[in-house]
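Undergrad: prediction below, plus the sequence it came from.
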Amino acid sequence: MLSGVSIDRVCRDPHHWWPILTKTPCGVMRMPTETSHRPGDPISDPLSSPLAETLDVAAGVDLHMHSRASDGKLTPTELVDLCHVRGIRHMALTDHDTLDGVAEASERARSLGLKLLPAAELSCQWRGQGIHIVAMLPAGVSEGFTAGLGVLANARKARSREIAHRLEKIGLEDGLARARHEAGSERPLGRPDFAAALVTAGLVPDMPTAFKRYLGAGKRGDVKMHWPELATVVGWIRDSGGVAVIAHPLRYGMTRRKRDLLFTAFIEAGGEAAELVSGYQNPNATFDFARQLHFHGLYGSLGSDFHYPGGALAPGTISPPPRSHVVPVWRHPALADFATGGSAPSVTL
Ligand code: AMP
Ligand code: MN
Ligand code: MN
Ligand code: MN
């Protein structure tokens with residue numbers, strides 16, 4: 001494990017994490033301070049540190065995107081190509097519950113000079129609510145993690161049957177076959193495939209309506225009971241020497257207090273980071289959320305949650321993070337290699 005004891009303490013003691021952080025033996029973290037960056041200042045030495053020291057000046061980074069290995073529409077190669085032309089230099093492919101696209105994406109990223117962090121977005125539940133955890137896996141995966149992916153694949157199968165069964169009651173016949181047809185491949189099915197099936201069957205006018213009425217949080221097609229518990233999934237990530245990141249924490253419809261409880265449980269399980277910004281976010285909400293992340297001593301990540309071109313978001317498109325003391329996740333010692341490598345792409349838009 002690269003992270004070691006001091007990092008546990010960093011993340012578990014909100015009152016003392018700054019002093020501990022400066023003493024951490026890894027030596028790669030630097031403190032973002034109020035005076036560390038002023039408009040017009042050089043952001044960082046591009047040779048020694050191609051990634052920003054603070055989240056508010058991060059550019060060319062997207063640590064949450066999907067490919068056809070799950071519910072995205074681009075192949076891993078096409079996704080990396082799109083990132084390349086958009087000037088992204090540090091990326092993570094985070095398909096739902098699978099690493100199937102990572103080898104292809106890594107090969108393409110290597111040939112184009114992008115840094116790609118092997119990752120996945122894992123499904124789990126906490127207090128009966130569906131939660132997504134991004135697993136950042138710079139050191140590969142443990143046997144436990146691989147077994148965990150098997151657990152998730154089986155859960156997804158059982159869940160698909162249950163979703164199909166529930167949607168029969170609102171008039172979707174043969175839901176499993178229809179969802180498979182919409183997926184267009186043998187990859188594991190997800191709610192978007194059922195949403196598309198509802199649209200094609202004429203039961204709803206569009207995808208947003210399908211989620212709003214039948215598949216969104218708390219609706220009949222939102223089946224969570226098959227997913228493992230949050231602590232289990234975080235354990236697989238820690239086993240692998242990886243970093244666990246709570247995906248889009250503002251999208252679970254939680255109160256701030258409930259998020260405090262989630263973060264406490266997550267940190268207790270070994271979780272170390274959360275996405276400070278996911279796609280478009282209300283700036284006021286993000287500002288307050290940064291304080292909450294800082295209080296809990298969690299590292300901050302950024303990502304578009306890009307799924308396909310033509311939607312509201314493109315790779316690298318996120319609301320600007322506020323200035324804050326939240327430490328970028330790429331300053332985590334386990335991600336030191338990811339943070340220091342990478343050359344500029346030859347084409348940028
Ligand atoms: P699943 O992993 O099968 O639970 O499906 C979750 C995926 O459904 C998310 O990653 C999104 O891609 C998509 N999704 C969730 N909520 C919505 C929504 N309200 N509208 C459109 N797509 C959504
Ligand atoms: Mn998705
Ligand atoms: Mn998600
Ligand atoms: Mn996602």
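TA: Done, it's in. Ligands and ions are numbered 1, 2, ... in the order given.
Undergrad: ok, then the element right after the strand ranked longest in the chain?
TA: With residue count as the measure and DSSP state E as the assignment, the chain has strand 115-126 as its longest strand. As assigned by DSSP states H and E, the chain's next helix or strand after strand 115-126 is strand 129-136.
Undergrad: what's that next one packed up against?
TA: strand 115-126, helix 230-239, strand 243-246 (3 or more C-beta pairs under 8 Å, 6 or more residues apart in numbering; DSSP states H and E). For glycine as for every other residue, the C-beta is placed from the backbone atoms N, C-alpha and C.
Undergrad: one more time with 10 Å, if that's ok
TA: Using 3 or more C-beta pairs under 10 Å, 6 or more residues apart in numbering; DSSP states H and E as the contact test, the elements touching strand 129-136 are strand 90-93, strand 115-126, helix 143-168, helix 230-239, strand 243-246, helix 256-268, strand 273-278, strand 299-303.
Undergrad: of those, which is nearest ligand 4?
TA: Nearest to ligand 4 among the helices and strands packed on strand 129-136 is strand 115-126; the distance by C-beta to the ion comes to 4.8 Å.
Undergrad: show the average pLDDT along that closest one.
TA: Taken as a whole, strand 115-126 carries a mean pLDDT of 98.
Undergrad: okay, the residue in the stretch 1-150 of the chain that ligand 3 sits nearest to and Glu143: tell me how far apart.
TA: As assessed by C-beta to the ion, ligand 3 sits closest to His132 within the stretch 1-150 of the chain, at 3.7 Å. In this structure, His132 and Glu143 are 23 Å apart, going by C-beta to C-beta, to the nearest Å.
Undergrad: repeat that for Arg86.
TA: 36 Å.
Undergrad: hmm, back to that, neighbour count for His132 and Glu143, which is higher?
TA: His132 (24 against 10; other C-beta atoms under 10 Å).
Undergrad: wait, the more buried one sits on Thr94?
TA: Yes: using C-beta atoms under 10 Å, His132 makes contact with Thr94 at a distance of 9.0 Å.
Undergrad: what residues are shared contacts of these two?
TA: Common contact partners of His132 and Thr94 (C-beta atoms under 10 Å, 6 or more residues apart in numbering): His64, Glu121, Leu122, Val245, Ala247, Asp305.
Undergrad: can you tell me which residues contact the closest residue to Arg256 other than its chain neighbours?
TA: Nearest residue to Arg256 in three dimensions, chain neighbours excluded: Gln292, at 6.6 Å (C-beta to C-beta, 6 or more residues apart in numbering). Contacts for Gln292 (C-beta under 10 Å, 6+ apart) come out as Pro249, Arg256, Arg259, Asp260, Phe263, Ala274, Leu276, Leu298, Val326.
Undergrad: which of those residues sits closest to Glu78?
TA: Leu276 (27.6 Å; C-beta to C-beta).
Undergrad: test my guess that Thr146 contacts Leu99.
TA: Yes: with contact defined as C-beta under 10 Å, Thr146 counts as touching Leu99 (8.9 Å).
Undergrad: is it fair to say Ala195 lies in a helix?
TA: Yes: assigned with DSSP: H, G, I helix; E, B strand; the rest coil, Ala195 falls within a helix.
Undergrad: what residues does the stretch 1-150 of the chain have near ligand 3?
TA: His132 (C-beta under 5 Å from the ion).
Undergrad: which stretches of the stretch 1-150 of the chain have low pLDDT?
TA: 1-49 (pLDDT under 70).
Undergrad: and the helices in it, which stretches?
TA: 4-12, 17-23, 76-85, 102-112, 143-168 (DSSP state H, counting those that start in this stretch).
Undergrad: and the residue of the stretch 151-300 of the chain nearest ligand 1?
TA: Gly190 (2.9 Å; C-beta to the nearest ligand atom).
Undergrad: local confidence estimate at Thr340?
TA: The model's pLDDT for Thr340 equals 84.
Undergrad: how close does it get to Ala158?
TA: Noted for Thr340: a distance of 42 Å to Ala158, by C-beta to C-beta.
Undergrad: quick one, which of the two is more surrounded?
TA: The neighbour comparison of Thr340 against Ala158 (other C-beta under 10 Å) goes to Thr340, with 15 against 12.
Undergrad: so that one is in contact with Pro50, correct?
TA: Yes: checked against C-beta under 10 Å, the pair Thr340 and Pro50 is within contact range at 7.2 Å.
Undergrad: tell me the contacts of the closest residue to Leu215 other than its chain neighbours?
TA: Excluding the flanking residues, the one nearest Leu215 by C-beta to C-beta, 6+ apart is Gly221, at 4.1 Å. By C-beta under 10 Å, 6+ apart, the contact list for Gly221 reads 159, 162-164, 166-167, 170, 172, 175, 191, 194-195, 198, 210-211, 213-215.
Undergrad: Gly221 and His165, how far apart?
TA: For Gly221, the distance to His165 equals 10 Å [C-beta to C-beta].
Undergrad: ditto for Ala177
TA: Applying C-beta to C-beta to Ala177 and His165 gives a distance of 13 Å.
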